[in-house]
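1. Have a look at this prediction, sequence included:
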Amino acid sequence: MSTTTHRPAGPALLDLPGQTHVAEGPLDLNGMYLAHHAFRRDLASFAAAAAGTPVGEIDVWRGLAVRWERFSHVLHHHHTTEDDVLWPQLLDLVDADGDTAGRATLEAMEAEHQLIDPLLAACAEGFARMADRPDEETRSRLAGTTRQACDVLGEHLRHEETGALPIVQRLLPQEGWDRVEEAAGSGATFARTRFLVPWVADGLTPEQRDTAFSSVGNGFRVLLWFTRRRYARETALAFRYA
Ligand SMILES: [Fe+2]
């Protein structure tokens, strides 16, 4: 699925490459879908890069270590926001609704985050080591760990998109979603934003970008203009062999 879905009622929701479901409803979930698309895209590139980058390409490994730090910071913030602000609100709402299947789905979301964390830590250690003292054994182990992280995160995102986000649309009021969006945007320094804007826009069609900007604010168009060249340069280095 790679087109934008336009619906007569409610916001136009993105349907991006790799996305497994569009949860129809009144809330604008595009920030969530944009993040999921970028997580899938980058993790696939990390797995390909770990398998394909020659051990002696130290500048590329350093680029990969920097990119991993930026990527994993965004992913950690995304999961923390969901665990601290989104799932607790929804758990109260499914309980009030007597929805035991909904509770099981939401509990699985938190449990799956716990499964992903050690894999991300192992990837971080592997990329840091390859940027410092590269060796074939570490590279080979990292190729396996990044592939595993890609698979586990992909399965989690599928579960979230097909199981949890429809519950969000069904039960969460706008003010509850506003709280999630506010937490998602908190703590963003200039350096993080300079990475985040072109990172989120990477790989979108012009039409998907228009939909994204109408959700996250047209002010980001200007930021994208100023940040895209540096991002493209750093991406080309890190993923040279992906
Ligand atoms: Fe998510």
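-> Sure, I can see it.
2. what separates residue 182 from residue 199, distance-wise?
-> Distance from residue 182 to residue 199, counting by CB to CB, to the nearest Å: 21 Å. Placement of C-beta: from N, CA and C, glycine included.
3. count of residues packed around the residue lying closest to residue 56 once chain neighbours are set aside?
-> Closest residue to residue 56 apart from its sequence neighbours, by CB to CB, 6 or more residues apart in numbering: residue 134 at 7.2 Å. Residue 134 has 17 neighbouring residues, counting by other CB atoms under 10 Å.
4. Likewise for residue 163?
-> Residue 163, neighbours per other CB under 10 Å, totals 18.
5. quick thing: my sequence starts at 345, can you match it?
-> Yep, numbering from 345; the last one is residue 507 now.
6. More neighbours: which of residue 526 and residue 543?
-> Neighbour totals were compared for residue 526 and residue 543, and residue 543 leads with 22 against 11 (other CB under 10 Å).
7. What residues of the helix or strand the more buried one falls within count as buried?
-> Assessed by DSSP states H and E, residue 543 sits inside helix 534-545. Residues 538, 539, 540, 541, 542, 543, 544, 545 are the ones in helix 534-545 that count as buried (16 or more other CB atoms under 10 Å).
8. Can you classify the spatially most distant residue from the centre of the chain by secondary structure?
-> Of all residues in the chain, residue 442 sits farthest from the chain's C-alpha centroid, using CA atoms, centre = their mean; the distance is 30.9 Å. Three-state assignment for residue 442 (DSSP: H, G, I helix; E, B strand; the rest coil): coil.
9. re earlier: can you lay out the buried residues of helix 534-545 as JSON lines showing pLDDT and distance to residue 405?
-> Formatted as JSON lines, these follow (pLDDT from 0 to 100; distance: CB to CB, whole Å):
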{"residue": "538", "pLDDT": "93", "distance to residue 405": "23"}
{"residue": "539", "pLDDT": "95", "distance to residue 405": "19"}
{"residue": "540", "pLDDT": "95", "distance to residue 405": "23"}
{"residue": "541", "pLDDT": "95", "distance to residue 405": "26"}
{"residue": "542", "pLDDT": "97", "distance to residue 405": "22"}
{"residue": "543", "pLDDT": "97", "distance to residue 405": "20"}
{"residue": "544", "pLDDT": "96", "distance to residue 405": "25"}
{"residue": "545", "pLDDT": "96", "distance to residue 405": "26"}
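10. of those, closest to residue 370?
-> The closest of the buried residues of helix 534-545 to residue 370 turns out to be residue 544 (CB to CB; 23.0 Å).
11. The closest one contacts residue 379, doesn't it?
-> Yes: contact criterion CB atoms under 8 Å: residue 544 and residue 379 qualify, at 7.1 Å.
12. Tell me which stretches of this protein form helices.
-> Along the chain, the stretches classed as helices by DSSP state H are 374-396, 402-425, 431-440, 444-476, 480-503, 509-515, 518-529, 534-545, 550-560, 563-582.
13. Before I go, just wanted to say thanks for your time.
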